[in-house]
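A.B. asks: got a structure for you, letters missing:
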């Protein structure tokens, strides 16, 4: 037992400090959840996190969600290939909510998106702080856990194509903090029930409301958040044998559901297999060794953390939940998310996304242990630990977007050459213009994964990378995606006659090419990296 052990002789009851932390009238060893100092710390950490991790609203998945917002505000936009713009709106209220805020407030879309980004990070850190107040005995340890998360927000989650918190806005910008708030409510609910044998309605309301908001924003992540809440409840079972039995039953139920989903999933349309197989991260057999390590290592770290005696009992529930959830997700993926499977339905659901919660739990609790055994109350140790870690994360984020501004605020200058070209298109071409680009333009050196539709606000043929991800979760778009690849696959090296013949079939009037491509078409805009060309009518 360590100096901060929370176990009694039987190892089953909440100790006095734990009881005090759950809304009792007695003074507790931490201040109010809403004390001014803590709120100020979270606000400062939010600013630091944005400075470290950057802000790129049009990049990667951020560029997938924005066109849906623009389309709701101005229905005349994106008249062609509209399915790739509105697909996200079929599963999420994110675009409708953002568009509603913009209409109601009168602010610009990009100012609204920036506000959501800042609020999402702040709420993520605040919810994490609330979790740690319930898990750690020493207040400084809770601060350390939140600081660790703040400097690690953009760490990749194994090979899932996810990061903890994106440097742009998506539905996950809202679903992630709501998932953590659901954990806060669940921890309070479980602790109160174990102590007095009754349900605490405010805690239930927090947990339930958070899950509902998550479901409205991102139904898939809501399913995994709800699963984590269930696992958290079973993690609090006192008797070890009963607890293990409960976990085994959940694993069996998960496997059975996965089997039935694959067995009775509707037959996908022609071309879907081609789309699905481009999402390598769906299939563990396609992962690199270091990505597999990214799955195993957090589980091992959590196992080691489970041996630490300085946690309150809720921390042990959190560790058990994270380990069991990670193992179940891993087993389901191995069994049912395989390239050779007759159905890719389970693969489409990406069960390894549950590792987002696993990573958060690992980072938060590792920060608590680090504070207790090393950082303590010594500022130099805190600085020597957090500054280098923040510097490494800053370096990698700058290298991820090397040709773009690190902070792309709405009032700032336009970023790289490709972004400037896309802005020119937005300002100088008609709304019904249809564009073609190289199928893998988003991977072009200097482009920095900036999304054409989000910046130019014009229709375009589907690209390989991001539109492939959309078609993978919306099978009806498969044939359109395949068409886009066949037409745009060689646009960079084709001659003008071939380009004209291919693009005439799908009504494309405009073409975006790298500056190095040879063309005789009229190109009213050029810079050092790209050019915008008009395809003659005949």
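C.D. replies: Structure's in. What do you need? On a predicted model such as this, the values are computed, not experimentally measured, just so you know.
A.B. asks: When you work out contacts or count neighbours from here on, use the C-alpha atoms and nothing else.
C.D. replies: Fine.
A.B. asks: Work out for me the element residue 511 sits within.
C.D. replies: Here residue 511 is covered by strand 510-514, with elements defined by DSSP states H and E.
A.B. asks: List the buried residues of the very next helix or strand once past that strand.
C.D. replies: Using DSSP H and E, the helix or strand that directly follows strand 510-514 along the chain is strand 522-526. Within strand 522-526, the residues scored as buried using 16 or more other Cα atoms under 10 Å are 523, 526.
A.B. asks: Not counting its own residues, what contacts strand 522-526?
C.D. replies: Contact partners of strand 522-526, identified using Cα atoms under 8 Å, 6 or more residues apart in numbering, comprise 421, 424, 515, 531, 532, 533, 534, 535.
A.B. asks: Return the subset of those lying in helices.
C.D. replies: Residues of the contacts of strand 522-526 located in helices (DSSP state H): 421, 424.
A.B. asks: pLDDT of stretch 289-302, averaged?
C.D. replies: Stretch 289-302 comes out with an average pLDDT of 94.
A.B. asks: And the contacts of it?
C.D. replies: 157, 158, 159, 284, 319, 322, 323, 326, 355, 358, 359, 362.
A.B. asks: who touches the fourth one in this structure?
C.D. replies: To tie it back to what came earlier, the one meant is residue 284. Here residue 284 is in contact with 292, 333, 334, 337, 338 (criterion: Cα under 8 Å, 6+ apart).
A.B. asks: Do a quick rundown of the helices in the stretch 251-400 of the chain.
C.D. replies: Using DSSP state H, counting those that start in this stretch, the helices of the stretch 251-400 of the chain run over 272-277, 289-306, 313-336, 345-349, 355-370, 379-400.
A.B. asks: looking at these, which is buried most?
C.D. replies: helix 355-370 (a mean of 24; mean count of other Cα atoms under 10 Å).
A.B. asks: From the contact counts, what lies against that helix?
C.D. replies: helix 109-135, helix 139-151, helix 289-306, helix 313-336 (3 or more Cα pairs under 8 Å, 6 or more residues apart in numbering; DSSP states H and E).
A.B. asks: Quick one: closest of the ones you listed to residue 449.
C.D. replies: helix 109-135 (18.0 Å; Cα to Cα).
A.B. asks: can you put the helices of the stretch 251-400 of the chain in a markdown table and add distance to residue 508?
C.D. replies: Shown next, in a markdown table, are these (distance: least, Cα to Cα, whole Å):
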| stretch | distance to residue 508 |
| --- | --- |
| helix 272-277 | 23 |
| helix 289-306 | 40 |
| helix 313-336 | 40 |
| helix 345-349 | 31 |
| helix 355-370 | 40 |
| helix 379-400 | 32 |
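A.B. asks: Can you classify the nearest residue to residue 457 once chain neighbours are set aside by secondary structure?
C.D. replies: In space, and not counting its chain neighbours, residue 457 is closest to residue 426: 6.0 Å by Cα to Cα, 6 or more residues apart in numbering. Here residue 426 is recorded as helix under DSSP: H, G, I helix; E, B strand; the rest coil.
A.B. asks: just to revisit the earlier point, most neighbours, which of the contacts of strand 522-526?
C.D. replies: Tallying neighbours with other Cα atoms under 10 Å puts residue 532 at the head of the contacts of strand 522-526, with 24 neighbours.
A.B. asks: any idea how far it lies from residue 128?
C.D. replies: Here the distance between residue 532 and residue 128 works out to 46 Å (Cα to Cα, to the nearest Å).
A.B. asks: Repeat that for residue 189.
C.D. replies: Relative to residue 128, and taking Cα to Cα, residue 189 is found at 17 Å.
A.B. asks: and if you look at residue 494?
C.D. replies: 53 Å.
A.B. asks: of these two, who's got more company?
C.D. replies: Neighbour comparison, residue 494 and residue 128: the larger count goes to residue 128, with 25 against 15 (by other Cα under 10 Å).
A.B. asks: who's in contact with that one?
C.D. replies: 146, 180, 364.
A.B. asks: close enough to count as contact, the last one and residue 149?
C.D. replies: Yes: under the contact definition of Cα atoms under 8 Å, residue 364 touches residue 149, with a separation of 6.4 Å.
A.B. asks: right, and out of the contacts of residue 128, which lies closest to residue 94?
C.D. replies: residue 180 (18.4 Å).
A.B. asks: Does the closest one belong to a helix, a strand or coil?
C.D. replies: helix.
A.B. asks: before we move on, the earlier item: what is the most widely separated pair among the contacts of stretch 289-302?
C.D. replies: 284 and 319 (24.1 Å).
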